[in-house]
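1. Have a look; sequence and predicted model below, questions after that.
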Amino acid sequence: MAAKHVLVLIHGITPQPDPDVLEQYEQLVEAVEQARLPLMGPICQVSWGQPDAGQPEQRPDQFLSRAQRFVGSLVQEHALREEGPAPGLIGRDWGVPLLRSAIRAVRESVVLYGLSDAIYYAAVDGEAAVRDAVFRQVFEKLEASQDGEIHLHIVAHSLGVTIAHDFLYALFGRKVDPEFPLPSDGGEIKLAAPTKSLQDVWRDEAEAKRLKLGTFLCFASQLPLFVMRKQALVEKLAQGEKLDPRVIGVDPERSTPQWAIFYDSDELLGFATRPLYQETKAIVDIHMNSGLEPYSAHLGYWKRSAIIERCIALLRANMG
């Protein structure tokens, strides 16, 4: 029986106050449809951190975007101006006008809305909420494809790379949840019972080799930052030891790319990642242009035709 191929898209930080996370997937989804890749059913387009369209918040993670908008309404510069002169200002706050404007734009988008996504995920409660939301959506997609061998193909962006990495580790790594970070009581991060049960089911499928990683495509990886969440990894890296790609399902014996990381030198939040891992041809960093300045560079991966074409080629090669 031929393997079934399941494609999952996972977004990352959203530096807009009211993002439409599904909109950013559109060009890649259209390209996949035109390429007629042998997929099992519709693409799983993951959404986390905001409510579903037209629906109130139902999951814990879905309160995040509304909380961010409220904080933004209180601390953004235009809101402070409405309150009058800054209290306690001594003298004049001189600065370079164009530089100040650029810094404010980044601070009030990428930092206030985007970085706060990352801070939320780095907290125990936030990580559990996001993982539960994302894992459940992917497991439900896998449930619809059950029967026979399944190859999982993931395209992830920004913080979504870390979330996807944690998801793959939960399936292919040690028989515990990823401990990023440990709760204060030293226990494991807790998923909701239904999601935990599904994770156990698909962990068994991975151990039986009926679930395999097909392709892992990453845009703007922040893994060089997020590996610092776990003390064991900090100590391992401090000793100059590289990471084992097998814990996320990557086959180090492969001679062709299974995990590709796209990055652009013009952005602040994406890094080359292959050097963190033991030497293998299965992992490649791909340096490409996604934009001309930090904001557009970080958000441009999903829309750059050259990047999309490279992704389609890698997916096609790994779907045989």
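-> Great, that's in hand. Numbers count the residues shown, from 1 in each chain.
2. How are the strands of this protein distributed by residue range?
-> For the chain, the strands defined by DSSP state E cover 4-10, 44-45, 150-157, 211-219, 259-263, 283-287.
3. got JSON lines for the ones you listed, with mean pLDDT, mean neighbour count and distance to L225 too?
-> Where C-beta positions appear, they are placed from N, C-alpha and C, glycine not excepted. Converted to JSON lines, the strands of the chain look like this (pLDDT from 0 to 100; neighbours: other CB atoms under 10 Å; distance: least, CB to CB, whole Å):
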{"stretch": "strand 4-10", "mean pLDDT": "97", "mean neighbour count": "23", "distance to L225": "17"}
{"stretch": "strand 44-45", "mean pLDDT": "97", "mean neighbour count": "20", "distance to L225": "25"}
{"stretch": "strand 150-157", "mean pLDDT": "97", "mean neighbour count": "25", "distance to L225": "15"}
{"stretch": "strand 211-219", "mean pLDDT": "97", "mean neighbour count": "24", "distance to L225": "14"}
{"stretch": "strand 259-263", "mean pLDDT": "97", "mean neighbour count": "24", "distance to L225": "13"}
{"stretch": "strand 283-287", "mean pLDDT": "97", "mean neighbour count": "17", "distance to L225": "16"}
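4. Nearest to K141 among those would be which one?
-> Ranking the strands of the chain by proximity to K141 (CB to CB) places strand 44-45 first, at 3.9 Å.
5. on that earlier part again, tell me which of the strands of the chain lies nearest to L237.
-> strand 283-287 (16.7 Å).
6. orientation of the closest one relative to strand 259-263 in degrees?
-> Using axes from the mean of the first three to the mean of the last three CA atoms, to 10 degrees, the direction of strand 283-287 lies 20 degrees away from that of strand 259-263.
7. Can you name every helix or strand that strand 283-287 contacts?
-> strand 259-263 (3 or more CB pairs under 8 Å, 6 or more residues apart in numbering; DSSP states H and E).
8. check contacts around the closest residue to A272 other than its chain neighbours.
-> Using CB to CB, 6 or more residues apart in numbering and skipping residues adjacent in sequence, the residue nearest A272 is D285, 4.3 Å away. Residues near D285 by CB atoms under 8 Å, 6 or more residues apart in numbering: A260, I261, Y263, A272, T273, R274, P275.
9. Is it possible to get TSV of the strands of the chain that adds distance to D18?
-> Formatted as TSV, the strands of the chain follow (distance: least, CB to CB, whole Å):
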stretch	distance to D18
strand 4-10	20
strand 44-45	18
strand 150-157	18
strand 211-219	22
strand 259-263	27
strand 283-287	32
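10. how about those strands, which one is nearest V124?
-> Of all the strands of the chain, strand 4-10 sits nearest to V124, with 20.6 Å by CB to CB.
11. which helices and strands sit right next to the closest one?
-> Strand 4-10 packs on helix 26-35, strand 44-45, helix 124-143, strand 150-157, helix 159-172, going by 3+ CB pairs under 8 Å, 6+ apart.
12. so how far is the fourth one off the chain centroid?
-> Looking back up the chat, that one is strand 150-157. 11 Å (CA atoms, centre = their mean, to the nearest Å).
13. Each with direction, which strands does that strand pair with?
-> The strands beside strand 150-157 in its sheet (DSSP bridges) come out as strand 4-10 (parallel), strand 211-219 (parallel).
14. Just list whatever residues bridge to the residue nearest to A272.
-> Following DSSP bridges, D285 is listed with bridge partners I261.
15. if I look at it, how far off is C218?
-> 10 Å (CB to CB, to the nearest Å).
16. and for those two, which residues touch both?
-> A260, I261, T273.
17. Nearest to G173, out of those: which one, please.
-> Using CB to CB, T273 is the member of those that lies nearest G173, at 16.9 Å.
18. And the average pLDDT for stretch 201-209 is what?
-> Averaged across stretch 201-209, the pLDDT comes to 94.
19. follow-up on the earlier one: present the strands paired with strand 150-157 as TSV; the columns should include distance to Q16.
-> What follows is the strands paired with strand 150-157, written out as TSV (distance: least, CB to CB, whole Å):
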stretch	distance to Q16
strand 4-10	17
strand 211-219	17
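20. Sketch out the low-pLDDT regions of this protein for me.
-> Scanning the chain for pLDDT under 70 picks out 1, 54, 76-112, 145-146, 174-189.
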